[in-house]
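J.: Need the 3D shape of this:
(6 chains, ligands or ions: 6)
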Amino acid sequence: MQVPATSAAARVRLECNFDPEVLHSKRTMVDVVVWFFILGVVAKIGKSDLRLPEALYESLSIYLLLAIGLKGGTELSRQPVAALLPQVGALVAFGFAVPLLLYPLFRTLRFDKANSASLGAHYGSVSVVTFAVVSSQLARLALPVESHAALWVAVMEAPGLIAGTLVARWALGANPGPGPRTQLRWTQLAHDLLFGKSVLLLAGGLLIGAFAGDAGVGPIKAVFVTPFKGVLAIFLLELGLVAGARLLTLRGDAVKLILIGVLLPPVLGTCGVLLGQALQLTVGGMAVVGTLAASASYIAAPVAMRQAVPEADPAISITAAIGVTFPFNLLVGIPFYIWLAQQVHSP
Amino acid sequence: MQVPATSAAARVRLECNFDPEVLHSKRTMVDVVVWFFILGVVAKIGKSDLRLPEALYESLSIYLLLAIGLKGGTELSRQPVAALLPQVGALVAFGFAVPLLLYPLFRTLRFDKANSASLGAHYGSVSVVTFAVVSSQLARLALPVESHAALWVAVMEAPGLIAGTLVARWALGANPGPGPRTQLRWTQLAHDLLFGKSVLLLAGGLLIGAFAGDAGVGPIKAVFVTPFKGVLAIFLLELGLVAGARLLTLRGDAVKLILIGVLLPPVLGTCGVLLGQALQLTVGGMAVVGTLAASASYIAAPVAMRQAVPEADPAISITAAIGVTFPFNLLVGIPFYIWLAQQVHSP
Amino acid sequence: MQVPATSAAARVRLECNFDPEVLHSKRTMVDVVVWFFILGVVAKIGKSDLRLPEALYESLSIYLLLAIGLKGGTELSRQPVAALLPQVGALVAFGFAVPLLLYPLFRTLRFDKANSASLGAHYGSVSVVTFAVVSSQLARLALPVESHAALWVAVMEAPGLIAGTLVARWALGANPGPGPRTQLRWTQLAHDLLFGKSVLLLAGGLLIGAFAGDAGVGPIKAVFVTPFKGVLAIFLLELGLVAGARLLTLRGDAVKLILIGVLLPPVLGTCGVLLGQALQLTVGGMAVVGTLAASASYIAAPVAMRQAVPEADPAISITAAIGVTFPFNLLVGIPFYIWLAQQVHSP
Amino acid sequence: MTEKFPKKLLVIITEAALEKPLTELARRAGAHGHTVHDVRGAGQYGEREGSWEADRSIELKIVCSEAVANQIASEAMTRFAANFGLTMFFADVEVLRPDKY
Amino acid sequence: MTEKFPKKLLVIITEAALEKPLTELARRAGAHGHTVHDVRGAGQYGEREGSWEADRSIELKIVCSEAVANQIASEAMTRFAANFGLTMFFADVEVLRPDKY
Amino acid sequence: MTEKFPKKLLVIITEAALEKPLTELARRAGAHGHTVHDVRGAGQYGEREGSWEADRSIELKIVCSEAVANQIASEAMTRFAANFGLTMFFADVEVLRPDKY
Ligand SMILES: Nc1ncnc2c1ncn2[C@@H]1O[C@H](COP(=O)(O)O)[C@@H](O)[C@H]1O
Ligand SMILES: Nc1ncnc2c1ncn2[C@@H]1O[C@H](COP(=O)(O)O)[C@@H](O)[C@H]1O
Ligand SMILES: Nc1ncnc2c1ncn2[C@@H]1O[C@H](COP(=O)(O)O)[C@@H](O)[C@H]1O
Ligand code: NA
Ligand code: NA
Ligand code: NA
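T.: Ligands and ions are numbered 1, 2, ... in the order given. Model prediction:
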């Protein structure tokens, strides 16, 4: 992995811990939406009776996916498709590679075959909400991002899940679990990923945005653009409750899961930033790809893995993804990927 | 039925398919909210696991009814009531006549007595969401509409349902179905229509708007006016899922239902536009009355018919109303009624 | 209790029923949100099938609590904490005193011990929605309020509930009810109040607002500030349904409950306004404290009393709180407390 | 050990439109209470996903004496079975307070 | 055919406020699990529509041995029946994995 | 009095991910219908609060002949019991229209 050349100034900044010009004070460093997440975690760990109705959770996640897609879509129509192909190809390949590369690592950490494959799939796929938070941070810092970034999210959702499933098939094929193997139907898996809620709504939003264009989307911006960040805040409150619940159930393999959840993201995130650099993205773009790479899916992945690799214990992957990695990225990871992207960009 | 005199220019426009000045390009012809409906249909037919929570569906439909009422109400207070009476009377009579006139038609098509009455009731009543879509289209085309149009929706909801029930009583009275007749309590039916969700919220919104006036409604416009179209988009996504589900269940009588669902609206819509002309409405007003006439109810009607004409198979009416007529109106009908209103208006 | 000196002019105004300058016409006197409450009551009493989904009710109440907290929080950070302590102390003491003082009154009215304690707890605590309505009224009348008023709500939630529980323990200790006494665990009660939904969200919102400051909260104002009043309107529709249901179940003790529900608020409200005067609050601040004092809790209190004083019949307290006192405050009480605050302020 | 008394549990799964008529019927037939919740499902009349008004189904439970259960069931059969999706079954249950049901 | 083993199903319909106390009680009494869902209904203490906090009801199901069911039921009766809307019934069920319940 | 016919009620409480596979399995095994609703609960595999996708549980009810119930249960056991939280029980019920189930 090529280490970016850093100027003296940048090196100084590194020592004084993140760019002091951009992230000047503790208060502005933490995006307001992150406080909602923390409130949720505190509520759960404090055994509050606060419970967001499941219908609200579902409604908000549908909203976020559609809104992210729409935003990217209005810009997408202006892009020459050919120019996007290398990006898409590289991101798909990256997402696909992650589970393959992580599998031996997890096996070394004594996770069984199914769990190693499933964990890899979670990290190979991406977290839409983490994407929303990094976007919101970049907007606050006035760092522009490629306007079609939502497309990256859409294409990075599935490859990691497919690769994770392949690894599991290959690994378990020789040594099946206790129950009789259910035939994996690949067409079924492909269908479920493509028509799964996340990809369908992201892609649907992208297409609607592209078809309707800025003028068409204008009258619905009061729902899909203006309130986006506030809705994200409420969703993070709910995710805080979920993450808090996972932290409460940490048991035997707690140490392993915390280590994975904290150490993997910076590594994957660094790879992502460098990939962004290789694709000649903007600073914001590099930070976004870094964040996507570092994020672990917890909407599409758990559902997909339950179907494709039922032998894996969902508690393990979910705890790592939403109990550890998600908060880590919110609090530490995202500022770091942004900082790193700025360093890497310095000529 | 009197055919409107069309100028040479209008005739030319007719040939080149809709007014090219107003509906200039394919892209702007389709309102953005219609894409959400299509996304829903695609998701359902593609067997996606996307499901909007029922609580969201209910919440959105309550919102839409209230918002439509409120918008009409703030204007209503400025109208002399006497001036509205002829309109209201004509619309009530129209809605009442539809099931009576359609009954023999449906019987000819070999629907049984109960289903013929129930189908008529659905087409005699109106679809609130179709009204919302035509309003949104007219706004985009900058065609003004009578500001109290919501009143039309409110008064056209019930008459068709009452007439359909009467037809069923009359037809089935002589030849009751397999189960013993339940006594129809008219006071019960009247109560259920008046205090049913749709009429109550529409009328409630109208009255609140009228009482509070523009100044009073001002501070709640951020909820009931600004985001209206975006909320409509989400609701149409859900209706797309519902319509897709109905299309998937089309079976034996598919051809009949598709024919009815596609051929009735233009006929009823034309009558509606001409009625609007007779009432000396604006172009926008004629288009709205045409759309209301052409629309089939799927909120109030199914519930009312299940109580009043339980012998009718709800699948038949609902498939025609929301599986065929609703998408038809969205994609073809509404542009046609608007175009027709413009033609009719040409002096 | 010291009666405020009223000038001749004020006395004249009193006779002609409320200040004619401020509350000039019937129409503007009733805030638009109150009409939504009335619509809900009418729907319920008219036996409409209108039902707001429970998930919507829960979502809205979470929203309102968070939004009220946030709004207060952004201002809180600017206040010297020391200056707030006397206010907080006085309000806590007031809330604590109410159940102790009301207990003998309710006993005289022949309520049993448990119900007397529980009723006192409901009136000792506060209604968040009543607070929202008085704030909205004051904004309409352009009367400024202390910007940290939400803090008052947060601190006045619990004391009344604790005092009511203490009274019940003391009264029932000697003469236990039919079932064997459940050990009351005080730590449990303290935890449940502090981490209960209302206090947690109010306090959470306050802290987030204080941490993030105006700049941080800015981007989420489109969700938590702009639509606040419209959301309140929808919530009042739901509360109207709930209040209507309580009115429908009024039976034996109807007269007693109506008397309590109508006569207590003006008395408590007057005490509250005078307390506000003693604390040297603004006119708006006095009106708010008066309203809080006069309001009866129906979110936190019923839940807390069910746990702490299960012998009390929840129907009694809830009917008084939401069936009688809440509508009374909406329609009559709040205008009166505002008027009173203005009188008291007149030098 | 506290004594138990036999009762019947009648479960009715049907369209949401029948919630009010059926609970009224049950009260008239002598039931002392009922419990309802929303369900989705499939049967003879096709799938009911419960995602919108006309597609909603409920499950209604009534604990009562055998005579009352029979009365409710037979009335529901004659009035509704011909025109509504309707699934009914009886189960034997035991309760602690026989007068309550 | 796989063998079946008799167990008791205890169903408790009550106010939502008792969800936590009852599931804790069940665990202490030896139940290995439980299932809950929200319901609405009516009984001796009037109608409960479940449309807001204080009006919510739940149905709790526990599959367990007869002894555990009796223990849970009798404890629930003594602690809650006097002050809470509470409907309980027992049914005989069969399971495939007797040790699980 | 109308005649009653014995049937089996099979109740399966499990993760929401199995809703589709299990209802398909039931149809193939010969069930004429099914009813589902969302639940929360706890068991061997820990608590499931149902507050988000991966945490949702369902309760599936099938009224059918004993043979069909056995078939569904044993297939569910072999295919899913090893990897999914799964609670199943059988109860005897009576219906009025035996051919419907
Ligand atoms: N065999 C069955 N087992 C369980 N539930 C059923 C069964 N058949 C029907 N149902 C339920 O009863 C409703 C009406 O059934 P049907 O009258 O068969 O259309 C369906 O929507 C299902 O929820
Ligand atoms: N006979 C009954 N059958 C079914 N459910 C009942 C019955 N009686 C009461 N319930 C339920 O149990 C709850 C509490 O009942 P109760 O203690 O009678 O007020 C009610 O809200 C109903 O949901
Ligand atoms: N003994 C029990 N009684 C009632 N429901 C149970 C029981 N055990 C488990 N469940 C339900 O079945 C689901 C899966 O159980 P398990 O396989 O034990 O994890 C749990 O989430 C509960 O909802
Ligand atoms: Na990733
Ligand atoms: Na019509
Ligand atoms: Na108070």
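J.: Nearest spatial neighbour of the residue nearest the centre of chain D, chain-adjacent residues omitted?
T.: In chain D, the residue lying closest to the centroid (Cα atoms, centre = their mean) is D:Ile12, at 3.3 Å. Once flanking residues are discounted, D:Ile12 sits nearest to D:Leu60: 4.5 Å by Cβ to Cβ, 6 or more residues apart in numbering or on different chains. Backbone N, C-alpha and C define where each C-beta goes, glycine included.
J.: list the contacts for the residue nearest to the centre of chain D?
T.: By Cβ atoms under 8 Å, 6 or more residues apart in numbering or on different chains, D:Ile12 lies in contact with D:22, D:59-60, D:62, D:73, D:76, D:86-88.
J.: just checking, D:Ala17 touches B:Ala308?
T.: No: with contact defined as Cβ atoms under 8 Å, D:Ala17 does not count as touching B:Ala308 (10.7 Å).
J.: Please enumerate the helices of the stretch 51-200 of chain A.
T.: A:54-76, A:81-108, A:113-124, A:128-140, A:149-174, A:186-194, A:197-217 (DSSP state H, counting those that start in this stretch).
J.: more neighbours, D:Ala17 and B:Ala308?
T.: Remark: of D:Ala17 and B:Ala308, B:Ala308 carries more neighbours, 26 against 23, as counted by other Cβ atoms under 10 Å in any protein chain shown.
J.: residues in contact with the more buried one?
T.: B:161, B:164-165, B:168, B:184, B:189.
J.: Now do the SS call for D:Asp38.
T.: strand (DSSP: H, G, I helix; E, B strand; the rest coil).
J.: Can you get me a residue count around it?
T.: With other Cβ under 10 Å as criterion, D:Asp38 counts 18.
J.: Tell me the spacing between it and chain B.
T.: For D:Asp38, the distance to chain B equals 8 Å [Cβ to the nearest Cβ, to the nearest Å].
J.: Please give me every residue in contact with residue 33.
T.: By default, I'm working from chain A. A:133, A:136, A:229, A:232-233, A:236, C:220.
J.: think we crossed wires, I meant chain D
T.: Applying Cβ under 8 Å, 6+ apart, the residues near D:Gly33 are D:62-63, D:101, E:41-44, E:87.
J.: And these, which of them are buried?
T.: Buried by 16 or more other Cβ atoms under 10 Å in any protein chain shown: D:62-63, D:101, E:41-43, E:87, out of the contacts of D:Gly33.
J.: Enumerate the residues of the stretch 151-300 of chain A near ligand 4.
T.: Residues of the stretch 151-300 of chain A lying near ligand 4 by Cβ under 5 Å from the ion: A:Ser295.
J.: Apply 6 Å and report the result again.
T.: By the rule Cβ under 6 Å from the ion, the part of the stretch 151-300 of chain A lying against ligand 4 is A:292-293, A:295-296.
J.: now chain D
T.: Counting by Cβ under 6 Å from the ion, no residue of chain D is near ligand 4.
J.: Residue in chain D with the shortest distance to chain F?
T.: Of all residues in chain D, D:Gly43 sits closest to chain F, at 3.3 Å by Cβ to the nearest Cβ.
J.: quick one, phi psi at that residue?
T.: Note on D:Gly43: its backbone torsions stand at phi -160, psi -150 [degrees, to the nearest 10].
J.: do A:Leu279 as well
T.: Dihedral angles (degrees, to the nearest 10) for A:Leu279: phi -90, psi 0.
J.: my guess is it meets A:Gln87, correct?
T.: Yes: checked against Cβ under 8 Å, the pair A:Leu279 and A:Gln87 is within contact range at 5.5 Å.
J.: Looking at the two, which is more packed in?
T.: Per other Cβ under 10 Å, whichever of A:Leu279 and A:Gln87 has more neighbours is A:Gln87, with 21 against 16.
J.: Pick out the residue in chain D sitting closest to chain E.
T.: Closest point on chain D to chain E, by Cβ to the nearest Cβ, is D:Gly33, at 3.3 Å.
J.: ok, that residue to A:Val30 distance?
T.: Distance from D:Gly33 to A:Val30, counting by Cβ to Cβ, to the nearest Å: 52 Å.
J.: Over to A:Ile68?
T.: Taken as Cβ to Cβ, the span from A:Ile68 to A:Val30 is 22 Å.
J.: Need the nearest residue in space to A:Ala286, chain neighbours excluded.
T.: If you look again at residue A:286, you'll see it is Met, not Ala. Leaving aside its chain neighbours, A:Met286 sits nearest to A:Gly276 (3.3 Å; criterion: Cβ to Cβ, 6+ apart).
J.: strand partners of the least confident helix or strand in chain D by mean pLDDT, parallel vs antiparallel please.
T.: Scoring the helices and strands of chain D by mean pLDDT, DSSP states H and E places strand D:46-48 at the bottom, with a mean of 87. Sheet pairing for strand D:46-48, assigned by DSSP bridges, gives strand D:34-43 (antiparallel).
J.: what's the angle between the partner strand and helix B:54-76?
T.: Using axes from the mean of the first three to the mean of the last three Cα atoms, to 10 degrees, the inter-axis angle of strand D:34-43 relative to helix B:54-76 is 100 degrees.
J.: which residues touch strand D:34-43?
T.: Contacts of strand D:34-43 (Cβ under 8 Å, 6+ apart): B:54, D:13, D:16, D:19, D:23, D:26, D:47-50, D:56-62, D:85, D:87, E:13, E:37-43, E:57, E:59, E:87, F:23, F:32-37.
J.: and it, how far from the chain's centre?
T.: 10 Å (Cα atoms, centre = their mean, to the nearest Å).
J.: pull the CA atoms of it into CSV?
T.: C-alpha atoms of strand D:34-43 as CSV (Å, rounded to 0.1, in the frame of the first residue of the first chain):
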residue,chain,number,x,y,z
HIS,D,34,-62.7,-10.4,23.9
THR,D,35,-59.2,-9.8,22.6
VAL,D,36,-58.2,-8.7,19.1
HIS,D,37,-55.0,-8.2,17.2
ASP,D,38,-54.1,-7.6,13.6
VAL,D,39,-52.8,-10.4,11.5
ARG,D,40,-51.9,-11.2,7.9
GLY,D,41,-52.4,-14.5,6.2
ALA,D,42,-53.8,-16.5,3.3
GLY,D,43,-56.7,-18.9,2.9
